[in-house]
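In: this is a predicted model, with the sequence first.
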Amino acid sequence: MLTTTAELVEDARGRGCGVAAFNVITLEHAEAVAAGAEASGLPAILQISQNAARFHGGPLAIAAAARAVAQASSAALALHLDHVEDVDLLHSATACGVSSVMFDASKLDDEANVAATREASAWAHRHGLWLEAELGEIGGKGGAHTPGVRTDPDQAAAFVAATGVDGLAVAVGSSHAMRARVGRLDLDLIERLRDAVPVPLVLHGSSGIENDHLAEAVARGMVKINIGTLLNLAFTGAVREMLVEDSVVDPRVYLAPARSAMADAVADCQRAIAAPAAS
Ligand code: G3H
Ligand code: ZN
């Protein structure tokens with residue numbers, strides 16, 4: 001069933017656990033998130049990045065597919081646009097039928113980030129949308145900030161007050177597109193950010209973090225856990241295995257195991273962050 005990001009994030013925060021947000025590139029990604037969420041009995045957010053929207057020549061077709069999958073599922077699923085830098089794409093959010101957007105002005109200097117994010121946040125709220133923004137560059141996507149930089153709690157509190165955002169992506173040691181789960185997060189910083197900032201915290205680049213460590217990050221205050229690369233590794237690994245056989249022509253022969261490998265990864269991550277925080 002289709003629900004909203006605001007509802008899932010606030011519910012997770014209230015219960016001291018995390019909610020997973022998975023990047024959707026193809027229809028099979030959306031179907032895998034629904035299947036994984038049905039298997040785990042846990043909610044999830046389907047998120048379409050600006051890059052994925054560009055890949056499809058615009059956001060509408062993939063958003064409509066993800067929405068139809070969410071509506072048909074017995075799991076609670078919300079739709080989100082992710083890493084939106086383009087204001088036209090932000091403004092397409094209502095036509096896409098999403099309930100939230102991450103507006104990413106993190107490549108700008110901090111003053112310009114505040115100004116652009118404040119405007120995006122005001123627009124989103126006029127249209128009933130939950131808005132996430134980023135402060136401090138999370139590595140792996142380029143940007144004006146030095147890689148390895150961390151989000152300062154006082155600056156984060158001032159940023160949220162100045163922009164009115166509903167969720168904040170913070171730099172605490174993760175990096176996008178990691179193929180191995182070897183990243184370590186600054187757990188003390190997560191706790192300081194949770195205490196300083198009134199809105200839920202978002203972890204990007206979560207594929208590079210082991211499940212146990214993700215659970216610790218949630219216990220310290222992370223709420224929305226963004227996962228992309230992990231699903232693509234599962235997808236591509238399964239496809240690669242199937243394509244060893246020269247006789248394979250029908251895409252369903254390799255897309256079915258790819259989708260099922262992604263569904264297993266979805267349920268696994270959801271379960272890891274679902275337990276109420278111990279501290
Ligand atoms: O916004 C999306 C996430 O940050 C995904 O990052 O592909 O490294 O898991 P990841
Ligand atoms: Zn991200």
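Out: All right, it came through fine. Ligands and ions are numbered 1, 2, ... in the order given.
In: need the residues of the stretch 151-279 of the chain near ligand 1, please.
Out: Residues of the stretch 151-279 of the chain lying close to ligand 1 by Cβ under 6 Å from any ligand atom are 176-178, 204-208, 226-230. All C-beta atoms are positioned from the backbone trio N, CA, C, and that covers glycine.
In: let's see it at 8 Å
Out: Neighbours of ligand 1 within the stretch 151-279 of the chain, by Cβ under 8 Å from any ligand atom: 169, 174-178, 203-208, 226-230, 232.
In: just the buried members of those residues?
Out: Among those, those classed as buried by 16 or more other Cβ atoms under 10 Å are 169, 174-176, 178, 203-208, 226-230, 232.
In: those in helices, which ones?
Out: Among these, the members falling in helices (DSSP state H) are 229-230, 232.
In: closest one of those to Ala115?
Out: Thr229 (31.3 Å; Cβ to Cβ).
In: now do the contacts for the residue nearest to that closest one when sequence neighbours are not counted.
Out: Spatial nearest neighbour of Thr229, chain neighbours left out: Ser207 (3.8 Å); criterion: Cβ to Cβ, 6 or more residues apart in numbering. Ser207 sits next to 177-178, 181, 227-230, 233 when contact means Cβ atoms under 8 Å, 6 or more residues apart in numbering.
In: what segments of the chain are helices?
Out: Under DSSP H, the chain gives helices at 5-15, 27-40, 50-55, 60-72, 87-91, 93-96, 110-126, 153-163, 187-196, 211-220, 229-243, 251-274.
In: please identify the most buried of the ones you listed.
Out: helix 27-40 (a mean of 23; mean count of other Cβ atoms under 10 Å).
In: who are the packing partners of that helix?
Out: Where contact means 3 or more Cβ pairs under 8 Å, 6 or more residues apart in numbering; DSSP states H and E, helix 27-40 is packed against strand 19-23, strand 44-49, helix 60-72, strand 77-84, helix 229-243, helix 251-274.
In: make TSV out of these and add mean pLDDT.
Out: Below are the helices and strands packed on helix 27-40 laid out as TSV (pLDDT from 0 to 100):
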stretch	mean pLDDT
strand 19-23	98
strand 44-49	98
helix 60-72	98
strand 77-84	98
helix 229-243	97
helix 251-274	98
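In: could you dump the ones you listed into a markdown table and include distance to Ala219?
Out: Output for those, formatted as a markdown table (distance: least, Cβ to Cβ, whole Å):
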| stretch | distance to Ala219 |
| --- | --- |
| strand 19-23 | 14 |
| strand 44-49 | 20 |
| helix 60-72 | 28 |
| strand 77-84 | 23 |
| helix 229-243 | 20 |
| helix 251-274 | 10 |
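In: and the closest residue to ligand 1 within the stretch 1-150 of the chain, what is it in contact with?
Out: Closest to ligand 1 within the stretch 1-150 of the chain is Asp82: 4.8 Å, counting by Cβ to the nearest ligand atom. Shown in contact with Asp82 (Cβ under 8 Å, 6+ apart): 21, 23, 47-50, 102, 226.
In: which residue is the nearest non-sequential neighbour of the residue of the stretch 51-200 of the chain found nearest ligand 1?
Out: In the stretch 51-200 of the chain, the residue found nearest to ligand 1 is His176; the distance is 4.2 Å by Cβ to the nearest ligand atom. With Cβ to Cβ, 6+ apart as the criterion, His176 has its nearest non-adjacent residue at 3.2 Å, and that residue is Gly140.
In: quick one: neighbours of that neighbour, just the number.
Out: Neighbourhood size, Gly140 [other Cβ atoms under 10 Å]: 16.
In: and for the one 10 residues further on?
Out: Here the neighbour count serves as a burial measure; for Arg150 (other Cβ under 10 Å) it reads 14.
In: same thing with Gly164?
Out: 16.
In: dihedrals phi and psi, it?
Out: Dihedral pair for Gly164: phi 70, psi 20, per degrees, to the nearest 10.
In: give me the pLDDT for the residue positioned nearest the centre of the chain.
Out: Central residue of the chain (Cα atoms, centre = their mean): Asn226, 3.1 Å from the mean position. For Asn226, the pLDDT comes out at 98.
In: correct me, but it touches Gly205?
Out: Yes: Asn226 is within contact range of Gly205, at 7.3 Å (criterion: Cβ atoms under 8 Å).
In: contact partners of stretch 266-274?
Out: 17-20, 22, 32-33, 35-37, 39-40, 42, 44, 206, 211-212, 214-215, 218, 225, 227, 230-231.
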